[in-house]
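Visitor: Dropping a prediction and its sequence here:
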Amino acid sequence: MSLTGLPILVRPATSSDLPGILDILNAAIRDTQAIWKDEPVDLASRKAWFAERRRQNHTILVANMGDALVGFASTGDFRSQPGFRHVCENSVYVRNGCTRRGIARRLMKALIPAAKRAGKRHMVAAIGLPNEASIKLHEALGFRQVGLMPGIGVKQGQALDLCLMQLEL
């Protein structure tokens, strides 16, 4: 199916979007170092994730081009302690084959004001490296690098760096 020329529609996610979100997430787990999981997740875990995000008043957005779900973004707790209640962490993922079309940017441009409306004062991006596209996206949206944690993570036996970026909302 060709998506060329179709507009990008960003909207709040519903439970019926979970299979598409799961496909995008599992592709990122399988094909990238962006998510530090070694095994795919199942639909039951996404349902629990969705319910927990909603319970905590976090935002989950999806992007569609025509009938195709091509990306998703969400906010979640940065840390669970009460002192971090005004801080959220963002996640944004785009379906393989749909990158470089402005999907992630559109999702983030909707996610940032939603976080602000929810009372957040800061948004943090924790970006597994290498991921130049994500770094550039976040910089273009006003995030600044505030930390680098060399070798902090491991995926498939390889030590990975984590870049922390922050946006004041």
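Guide: Received it, and whenever you're ready, just let me know what you need.

Visitor: where along this protein do the helices fall?
Guide: 18-31, 43-55, 103-117, 132-140 (DSSP state H).

Visitor: and among the ones you listed, the most buried is which?
Guide: Counting by mean count of other CB atoms under 10 Å, helix 103-117 has the highest mean neighbour count of those, with a mean of 19. Every residue, glycine included, has its C-beta placed from N, CA and C.

Visitor: Are there helices or strands packed against that one, and which ones?
Guide: strand 8-12, strand 60-65, strand 68-77, strand 87-94, helix 132-140 (3 or more CB pairs under 8 Å, 6 or more residues apart in numbering; DSSP states H and E).

Visitor: any idea of the angle it forms with strand 8-12?
Guide: Relative orientation of helix 103-117 versus strand 8-12 (axes from the mean of the first three to the mean of the last three CA atoms, to 10 degrees): 30 degrees.

Visitor: follow-up on the earlier one: among the helices and strands packed on helix 103-117, which comes closest to residue 122?
Guide: Residue 122 lies closest, by CB to CB, to one member of the helices and strands packed on helix 103-117: strand 87-94, at 4.6 Å.

Visitor: So what touches that closest one?
Guide: 24-25, 28, 34, 58, 63, 70-79, 101, 103-104, 107-108, 111, 115, 118, 120-126, 134, 137 (CB atoms under 8 Å, 6 or more residues apart in numbering).

Visitor: Then stretch 104-119?
Guide: Contacts of stretch 104-119 (CB under 8 Å, 6+ apart): 8, 10, 57-59, 61, 63, 71-75, 86, 88, 90, 92-94, 123, 134, 137-138, 140-141, 167, 169.

Visitor: shaky segments in this structure?
Guide: Applying pLDDT under 70 to the chain flags residues 1-2.

Visitor: at 80 what do you get?
Guide: 1-5 (pLDDT under 80).

Visitor: Now for residue 92, how many residues are close by?
Guide: For residue 92, the neighbour count with other CB atoms under 10 Å is 22.

Visitor: and the residue lying closest to it once chain neighbours are set aside, what does it touch?
Guide: Nearest non-adjacent residue to residue 92, counting by CB to CB, 6 or more residues apart in numbering: residue 73, 4.1 Å away. The contact partners of residue 73, taken as CB under 8 Å, 6+ apart, are 59-61, 63, 90-93, 104, 107-108, 110-111.

Visitor: repeat for residue 103
Guide: Residue 103 neighbours (CB under 8 Å, 6+ apart): 8, 63, 65, 70, 71, 94.

Visitor: could I get these as a markdown table with distance to residue 158?
Guide: Formatted as a markdown table, the contacts of residue 103 follow (distance: CB to CB, whole Å):
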| residue | distance to residue 158 |
| --- | --- |
| 8 | 33 |
| 63 | 30 |
| 65 | 33 |
| 70 | 29 |
| 71 | 26 |
| 94 | 23 |
